[in-house]
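> 3D model of this:
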Amino acid sequence: MEVPSTRRLINDALNDLSSDQLASFRTALRERRGDGPRVRRTDVEDKSPLQLSELLVQTFLEDGAVRVTEQLLRDIDCMQTAAELAAAAAPRERPIPVPEQHFVDRHREELIARVSNIDPILDHLLQQGVLQGEQYDRIRSLRPTQEQTRTLYREPLRAGGLRSKARLLEALEEHERYLIQDLRQQDQV
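Presented below is the predicted three-dimensional model:
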């Protein structure tokens, strides 16, 4: 379903007004006090709802135009029209697309707990440039393996982004083949 534009929402609301209410709206717009730009009498005099909606959007921008129109409608006692405009302009509930996590992020806890032979993985990451010599030495000096893997996640992988994670996955596929197969089967379930 297409979401109507701000201009259209305001135009629809103003088209619902009687001639007298539209005249009151023009007066209220012209005499409006508060934040934002002022509107001159010549800008609103004898303007159609479509022309007024265009003026409102140009003057107060998209978000401000709805807010100002809604307030002016309330000021001239057009409460129902104001409520309908507010409801129509309210942000629609849309699911926020969640980017798919990288395999090594999705299985972080399992990998920390289950990687048993980290040394060849660290060697691979050093050779691929994911780890620097100092990081490699520091991580290798840690015990147990879980702490080594946790530190790997916390430092070089976080800094290196997707490329580093891809290199880690390559190393895991080579040196922890059965663990990776098991985790991939879990993903399929």
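> residues contacting Glu110?
Shown in contact with Glu110 (C-beta atoms under 8 Å, 6 or more residues apart in numbering): Leu183. Backbone N, C-alpha and C define where each C-beta goes, glycine included.
> ok, it to Glu62 distance?
Distance, Glu110 to Glu62, by C-beta to C-beta, to the nearest Å: 46 Å.
> quick one: residues contacting Glu174.
The contact partners of Glu174, by C-beta under 8 Å, 6+ apart, come to 120, 124.
> same thing but at 7 Å, please
By C-beta atoms under 7 Å, 6 or more residues apart in numbering, no residues touch Glu174.
> how close does it sit to Val104?
14 Å.
> give me the neighbour count for the nearest residue to Met79 once chain neighbours are set aside.
Sequence neighbours aside, Leu73 is the residue nearest to Met79 in space, at 7.6 Å (criterion: C-beta to C-beta, 6 or more residues apart in numbering). The local packing of Leu73 (other C-beta atoms under 10 Å) involves 27 other residues.
> what of Gln132?
Neighbourhood size, Gln132 [other C-beta under 10 Å]: 11.
> list the residues that contact Arg108.
With the criterion set at C-beta under 7 Å, 6+ apart, Arg108 makes contact with Tyr153.
> tell me the pLDDT of it.
Per-residue pLDDT puts Arg108 at 94.
> same question for Ser141.
96.
> try the one 4 residues further on
Among the per-residue scores, Thr145 holds a pLDDT of 94.
> would you mind pulling the contact partners of stretch 57-65?
Stretch 57-65 has contacts (C-beta under 7 Å, 6+ apart) with 6-7, 10, 36-37, 39, 56, 68.
> measure Asp46 to Leu22 for me?
With the distance defined as C-beta to C-beta, Asp46 ends up 11 Å from Leu22.
> pick out whichever of those two has more residues nearby.
The neighbour comparison of Asp46 against Leu22 (other C-beta under 10 Å) goes to Leu22, with 19 against 8.
> can you read off the pLDDT for the more buried one?
pLDDT recorded at Leu22 is 95.
> swap in the one 10 residues further on?
Turning to Arg32, the model gives it a pLDDT of 87.
> one more: the one 3 residues further on?
Each residue has a pLDDT score; the one for Asp35 is 70.
> in this structure, which spans are helices?
6-15, 19-30, 41-44, 49-75, 79-89, 103-106, 108-114, 119-127, 133-141, 145-152, 158-175, 177-188 (DSSP state H).
> which helices and strands sit right next to the third one?
Applying 3 or more C-beta pairs under 7 Å, 6 or more residues apart in numbering; DSSP states H and E, one finds that helix 41-44 contacts helix 19-30.
> residues near Leu14, how many?
Leu14, neighbours per other C-beta under 10 Å, totals 26.
> tell me the contacts of it?
Neighbours of Leu14 in contact, by C-beta under 7 Å, 6+ apart: 22, 25, 49, 52-53.
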